[in-house]
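Student: coordinates only, sequence not included:
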């Protein structure tokens with residue numbers, strides 16, 4: 001049986017990979033710096049470890065000796081991650097982890113990248129082979145640099161490497177400081193959900209669908225960068241209105257209540273030809289269905305919460 005290590009296994013995306021990995025027949029070893037969740041799927045082997053500590057990471061790889069690794073751990077504090085020096089620590093830690101993985105017989109690695117690696121114009125359709133990688137932030141630059149080094153290193157040591165570029169994600173467990181999390185939480189509480197005008201065009205993918213896409217990429221033999229997205233360009237206003245409709249409170253969505261970013265792209269979407277044709281994966285449910293799933297999750301979490309005053 002192939003043995004996989006999942007880093008960031010309790011994170012927004014990582015936790016959704018565990019059941020699909022088990023279903024694919026892999027022995028799953030989940031790594032987290034937190035307490036493992038009580039509702040984790042049965043059969044997962046949990047390891048509590050700080051991957052920023054090199055001896056700990058080396059010992060973990062030696063003890064597990066995985067054939068596969070799905071590396072999703074990174075610094076992800078909303079807003080702060082764009083410019084934080086923590087990105088540099090995660091470049092170092094990721095390279096060390098990859099070396100330990102290879103030294104202990106690792107064969108197939110898949111690492112989480114980002115659409116922020118691409119050069120963003122006002123209207124950008126991101127294609128892996130042709131869109132320039134000219135990131136404008138420290139976060140995007142760190143991910144881009146990691147990919148370049150990792151690809152050359154893996155070529156040298158004979159490890160198969162896939163790089164999954166994440167676009168825009170929403171779903172259960174999203175941080176309330178992010179767009180989808182803030183809107184869904186407010187609506188589940190019966191509170192107003194202020195947004196920008198929402199005309200910006202993006203590619204949104206439900207978090208559990210993204211997790212399944214990562215598993216499909218890991219279990220394939222596709223190498224190099226692959227955009228992980230829905231392939232369905234969607235206006236931000238369409239996402240938040242779908243959440244409003246799912247909550248039965250569309251009147252609480254306040255489009256135009258917040259200013260849009262001055263440098264925010266009008267259109268930023270993904271070409272998903274590689275994902276569809278080479279990996280063979282595409283999402284199976286609609287935006288409206290996933291919006292309903294998101295609202296249901298938040299309502300379950302907030303059963304005992306009380307709406308803020310004046311927002312009935």
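Tutor: Received the coordinates, thanks. As the structure is a prediction and not an experimental result, all values here were calculated from the model. Residues are numbered from 1 along each chain as shown.

Student: point out where the protein drops to low pLDDT.
Tutor: Judged by pLDDT under 70, the chain has its weakly predicted residues at 304-312.

Student: kindly list the longest helix within it.
Tutor: When the chain is parsed with DSSP state H, its longest helix is helix 138-157.

Student: so what touches that one?
Tutor: Applying C-beta atoms under 8 Å, 6 or more residues apart in numbering, the contact partners of helix 138-157 are 81-85, 87-88, 90-91, 94-95, 98-99, 102, 109, 111, 113-114, 116-118, 133, 135, 159-161, 163, 224-225. (Glycine included, C-beta is placed from N, CA and C.)

Student: now do 7 Å
Tutor: By C-beta atoms under 7 Å, 6 or more residues apart in numbering, the residues outside helix 138-157 that reach it are 81-83, 87-88, 90-91, 94-95, 98, 102, 109, 111, 113-114, 116-117, 133, 135, 161, 163, 225.

Student: likewise stretch 112-125?
Tutor: With C-beta under 7 Å, 6+ apart, stretch 112-125 has contacts from 71-72, 74, 126, 131-137, 139-140, 143-144, 147, 163-167, 225, 265-271.

Student: returning to what we had before: among the contacts of helix 138-157, name the buried ones.
Tutor: By neighbour count, with 16 or more other C-beta atoms under 10 Å, the contacts of helix 138-157 hold 81, 87, 90-91, 94, 98, 102, 109, 111, 113-114, 116-117, 133, 135, 161, 163, 225 as buried.

Student: out of those, which are inside strands?
Tutor: Mapping the buried ones among the contacts of helix 138-157 onto strands (DSSP state E) picks out 109, 111, 113, 114, 161, 163, 225.

Student: now name the helix or strand holding residue 244.
Tutor: Assigned by DSSP states H and E, residue 244 belongs to helix 236-247.

Student: tell me what that helix is packed against?
Tutor: Secondary-structure packing of helix 236-247 (3 or more C-beta pairs under 7 Å, 6 or more residues apart in numbering; DSSP states H and E): helix 179-188, strand 253-254, helix 287-301.

Student: report the angle between it and helix 179-188.
Tutor: In terms of direction (axes from the mean of the first three to the mean of the last three C-alpha atoms, to 10 degrees), helix 236-247 departs from helix 179-188 by 30 degrees.

Student: what angle do helix 236-247 and helix 287-301 make?
Tutor: 60 degrees.

Student: so how far is helix 236-247 from its chain's centroid?
Tutor: Distance of helix 236-247 from the chain centroid (C-alpha atoms, centre = their mean, to the nearest Å) equals 21 Å.

Student: out of the contacts of stretch 112-125, which end up buried?
Tutor: 71-72, 74, 126, 131, 133, 135, 137, 139-140, 143-144, 147, 163-167, 225, 267-271.

Student: doesn't residue 28 lie inside a strand?
Tutor: Yes: assessed with DSSP: H, G, I helix; E, B strand; the rest coil, residue 28 lies in a strand.

Student: list the contacts for it?
Tutor: 4, 6, 18, 21, 22, 43, 44, 45.

Student: nearest to residue 195, of those residues?
Tutor: Comparing these against residue 195 with C-beta to C-beta places residue 18 closest, at 32.2 Å.

Student: what comes up buried for the host helix or strand of the closest one?
Tutor: Residue 18 is located in helix 18-23, with elements delineated by DSSP H and E. Along helix 18-23, these residues count as buried under the neighbour rule (16+ other C-beta under 10 Å): 18, 19, 20, 21, 22.

Student: what about the closest residue to residue 30 other than its chain neighbours, neighbour count?
Tutor: Leaving aside its chain neighbours, residue 30 sits nearest to residue 9 (3.5 Å; criterion: C-beta to C-beta, 6 or more residues apart in numbering). Residue 9 sits with 28 neighbouring residues when counted by other C-beta atoms under 10 Å.
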